[in-house]
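Participant: how does the following fold in three dimensions:
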Amino acid sequence: MLNKSDIIKSHTPFFTMHGFDSNPCGSVFEKAFEGGRQVVEVQCREESDGVVVEYYFGIRIHSVEELVSQYLPTLITNVEESLTLYMSLDKLGNSRLGKIKISTTEELTELQSAIENFFSINGFSRLDQMSNPLNLEQDFFYQQSKPSNSNEMVEVAFRSIALSKLFNPEDYPVLRQAYLEKMDYSEMTPLTVASFFHFLNFLDHLKPIAA
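Facilitator: Modelled structure (predicted):
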């Protein structure tokens, strides 16, 4: 019967070959770039008849996370591990690579091949593109009007606004106003509301990284 270790081991040579290091937790592959890092996470849940596998990708922009961590009122156990963007792999362009259940070595081989093909053709280039803070800011800018629950909206708002202020300040007033109007303050705690306005006041007086 397959287990989590089999899944991780099957992917390790491929991601290592492309410059990713295996995180001590074993299920995360990381690649550093100037100002941040790329992350590919392989989540596995062992069941009696197989293993359910889900893939996630992430981007960390250090300057954004260091800034947001000072104001975002959420419990972050390790600020160094927080990610600016974190999404399931199917959101990167392949709906077939969402949640997958496998139980045989043949299915594992097929899954391994599908993941390697996806990253070789599209995945790595997309991660490289989003590692540019300006590109990532634009993604947030065009995503901001999509529906989201209150907690997700808070997380997105803090990071989106920080990205725009730091790397594309022309977008900052637009996003600032958009989130002010979109926030459902009735669903937010008083601490979150206060933190959000303190954060905006700080950003209003912050010098951008990129003009």
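Participant: contacts and neighbour counts: CA atoms only from here.
Facilitator: Noted.
Participant: now the lowest-mean-pLDDT helix or strand in the chain - C-alpha only, CSV.
Facilitator: One helix or strand of the chain scores below all others by mean pLDDT, DSSP states H and E: helix 133-143, with a mean of 83. Extracted C-alpha coordinates of helix 133-143, given in CSV (Å, rounded to 0.1, in the frame of the first residue of the first chain):
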residue,chain,number,x,y,z
PRO,A,133,6.5,41.5,-7.2
LEU,A,134,5.1,43.8,-9.9
ASN,A,135,3.5,40.8,-11.7
LEU,A,136,2.2,39.5,-8.4
GLU,A,137,0.8,42.9,-7.5
GLN,A,138,-1.0,42.9,-10.9
ASP,A,139,-2.5,39.5,-10.1
PHE,A,140,-3.8,40.7,-6.8
PHE,A,141,-5.1,43.9,-8.4
TYR,A,142,-7.2,42.1,-11.0
GLN,A,143,-8.4,39.4,-8.4
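Participant: stretch 72-85 - what's its average pLDDT?
Facilitator: Within the predicted structure, the mean pLDDT of stretch 72-85 is 78.
Participant: also stretch 196-205?
Facilitator: 94.
Participant: just the CA coordinates for it, please, in PDB.
Facilitator: Output of stretch 196-205 as PDB, limited to C-alpha atoms (Å, rounded to 0.1, in the frame of the first residue of the first chain):
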ATOM      1  CA  PHE A 196      -6.600  47.500   9.100                       C
ATOM      2  CA  PHE A 197      -6.900  51.300   9.500                       C
ATOM      3  CA  HIS A 198      -3.600  51.500  11.400                       C
ATOM      4  CA  PHE A 199      -2.000  49.600   8.500                       C
ATOM      5  CA  LEU A 200      -3.500  52.000   5.900                       C
ATOM      6  CA  ASN A 201      -2.300  55.000   7.900                       C
ATOM      7  CA  PHE A 202       1.200  53.500   8.000                       C
ATOM      8  CA  LEU A 203       1.200  52.800   4.200                       C
ATOM      9  CA  ASP A 204      -0.100  56.300   3.400                       C
ATOM     10  CA  HIS A 205       3.200  57.600   4.700                       C
END
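Participant: same question for that stretch: list its buried residues.
Facilitator: 196, 199-200, 203 (16 or more other CA atoms under 10 Å).
Participant: centroid residue for this structure?
Facilitator: Tyr86 (1.8 Å; CA atoms, centre = their mean).
Participant: what's near enough to touch that residue?
Facilitator: 56-59 (CA atoms under 8 Å, 6 or more residues apart in numbering).
Participant: on that earlier part again, other residues contacting the least confident helix or strand of the chain?
Facilitator: 61, 129-130, 156, 160, 163-164, 167-168, 171, 175.
Participant: for stretch 196-206, same thing?
Facilitator: By CA under 8 Å, 6+ apart, stretch 196-206 touches 71-72, 158, 162, 165, 176.
Participant: quick one on the thing from earlier: what angle separates the helix or strand just after the least confident helix or strand of the chain from helix 133-143?
Facilitator: With elements assigned by DSSP states H and E, the helix or strand that comes after helix 133-143 is helix 150-167. For helix 150-167 against helix 133-143, the angle by axes from the mean of the first three to the mean of the last three CA atoms, to 10 degrees is 140 degrees.
Participant: next structured bit after helix 150-167?
Facilitator: helix 172-182.
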